[in-house]
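Q: Just need the structure, nothing else, for what follows:
(one chain, ligands or ions: 2)
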Amino acid sequence: MERSIIVAPSVLSADFSDIRGALSDIRQSGTSWVHLDVMDGMFVPNITFGPKFIKDIRPHSELFFDAHLMVEEPSRYIEQFAKAGCDCITVHAEACKDIGETLKLIKSFGIKSGLTVKPATPIEDVEPFLGDVDLVLIMSVNPGFGGQGLIPETLDKVRWLKKNRGERHYLISIDGGVNLKTIGDVADSGVDVVVAGSAFFNAPDKALFVRRMSAGRGEA
Ligand code: DX5
Ligand code: ZN
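A: Ligands and ions are numbered 1, 2, ... in the order given. Here you go, the predicted model:
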């Protein structure tokens, strides 16, 4: 059977002056997710947008809002992001004072929870929480900027998550440097979701791009 990987375009690479156009491009490409990269200038050396931006775009899109919080001590902001309309909130293990409590807080708003690790963080560090999350996001670049090259060793974590899933129900997502050149290896590693920023917004035919990425088929 052909693979059906969920493609989550990241608006980080969109033109923020035409965000409604970007959301419409994403919808028309045939995918149902959008990835929202929130950066605080502390956990990562870049700043993007906060809950107000998400609240303002929410009425203009029915896409699944997949929020990736690159924010120090994210528990301070979970309520605001949940009420802004995020469907899933993913937090960095490295940024949380108490990972378990932060995940519980996310779930208390009736939305999906995700946990993510930077390339240097071993997946074993988050093993105790894997039964509590809906999504595990493997960072395949150091977070902060779009357009970087995928670090191939990070795919070992994807393989580990697939092999050790057992009865747990998490989706495996990957973020950073995923494009038509890398999708073959990425798909083979066992991901369920791929985030694509620059590759999506640079694609001349976004529907074709999504179909290829979803099928795990790269450039010939
Ligand atoms: C990086 C962000 C990514 C970024 C990916 O810190 O988390 O979501 O948008 O961008 P590309 O696909 O260009 O590597
Ligand atoms: Zn991201």
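Q: what's Thr48 in contact with, if anything?
A: Contacts for Thr48 (Cβ atoms under 8 Å, 6 or more residues apart in numbering) come out as Leu12, Asp37, Val38, Met39. C-beta coordinates here come from the backbone N, C-alpha and C atoms, glycine included.
Q: Neighbours of Val186, how many?
A: Burial measure for Val186: 25 neighbouring residues, criterion other Cβ atoms under 10 Å.
Q: Then Lys55?
A: That count, for Lys55 with other Cβ under 10 Å as the rule, works out to 15.
Q: Look up phi and psi at whatever residue of the chain ends up closest to ligand 2.
A: Residue nearest to ligand 2 within the chain (Cβ to the ion): His68, separated by 3.7 Å. Per-residue torsions, His68: phi -120, psi 100 (degrees, to the nearest 10).
Q: go on, Phe64?
A: phi -70, psi 120.
Q: If it is in a bridge, with which residues?
A: Beta-bridge partners for Phe64, by DSSP bridges, are Trp33.
Q: who's in contact with it?
A: Each residue near Phe64 by Cβ under 8 Å, 6+ apart is listed here: Ser32, Trp33, Val34, Asp87, Cys88.
Q: Next one, pLDDT for the closest residue to Val126 other than its chain neighbours please.
A: Closest residue to Val126 apart from its sequence neighbours, by Cβ to Cβ, 6 or more residues apart in numbering: Ala93 at 5.0 Å. If you check Ala93, the pLDDT there is 98.
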